[in-house]
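Chemist: Predicted model and sequence below, questions to follow.
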Amino acid sequence: GGFFAAFLSLPFDMLKSRLQDMKPDPKTGRMPFKGLSDCAMQIVSKEGPVALWTGFGAYYARCAPHAMVILLTVDEVKRVYSKFFNL
């Protein structure tokens, strides 16, 4: 659950962060990326595809507990609902 959620979502989170943090080049005034796909292509070409998973340990440590809490909460709500409505 949590591992795969973190593994599949980290590249998109990383791209979002790079786009949010970009600043214009002081000399040319141009932004480093034109959009999401340009950002992804530049990262893969300059840093390699593994760069999309930079910071996986910290990201996993944040996402895995969240996924676990959500799944446990859904199970508990279903149990209480079933008991309350005699299902």
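Modeler: Perfect, thanks for sending it.

Chemist: Could you use CA atoms for every contact and neighbour count after this?
Modeler: OK.

Chemist: mind listing the strands for this structure?
Modeler: Counting by DSSP state E, the chain forms no strands at all.

Chemist: Below-threshold pLDDT in it: ranges please.
Modeler: Scanning the chain for pLDDT under 70 picks out 1.

Chemist: Tell me which residues of stretch 49-69 come out buried.
Modeler: By 16 or more other C-alpha atoms under 10 Å, the buried positions in stretch 49-69 come out as Ala51, Leu52, Trp53, Phe56, Tyr59, Tyr60, Cys63, Ala64, Ala67.

Chemist: same question, stretch 35-42
Modeler: So, applying 16+ other C-alpha under 10 Å, buried residues of stretch 35-42: Cys39, Ala40.

Chemist: Packing partners of the top helix by length along the chain?
Modeler: Counting by DSSP state H, the longest helix found in the chain is helix 56-84. Judged by 3 or more C-alpha pairs under 8 Å, 6 or more residues apart in numbering; DSSP states H and E, helix 56-84 is in contact with helix 2-21.

Chemist: number of nearby residues for Met14?
Modeler: Neighbours of Met14 under the rule other C-alpha atoms under 10 Å: 19.

Chemist: let's have the chain start at 400 instead
Modeler: Sure, I'll start numbering at 400, so the last one becomes Met413.

Chemist: correct me, but it touches Phe455?
Modeler: No: checked against C-alpha atoms under 8 Å, the pair Met413 and Phe455 is beyond contact range at 10.0 Å.

Chemist: Convert stretch 438-454 to CSV, retaining C-alpha atoms only.
Modeler: In CSV, the C-alpha atoms belonging to stretch 438-454 read as follows (Å, rounded to 0.1, in the frame of the first residue of the first chain):
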residue,chain,number,x,y,z
CYS,A,438,10.6,19.7,-16.6
ALA,A,439,10.4,15.9,-16.7
MET,A,440,12.4,15.7,-19.9
GLN,A,441,15.1,18.0,-18.7
ILE,A,442,15.5,16.2,-15.4
VAL,A,443,15.7,12.8,-17.1
SER,A,444,18.2,14.0,-19.7
LYS,A,445,20.4,15.9,-17.3
GLU,A,446,20.2,13.8,-14.1
GLY,A,447,18.9,10.5,-15.3
PRO,A,448,15.6,8.8,-14.7
VAL,A,449,16.5,7.7,-11.2
ALA,A,450,16.5,11.4,-10.3
LEU,A,451,12.7,11.4,-10.3
TRP,A,452,12.9,9.3,-7.1
THR,A,453,15.3,11.6,-5.3
GLY,A,454,14.4,11.8,-1.6
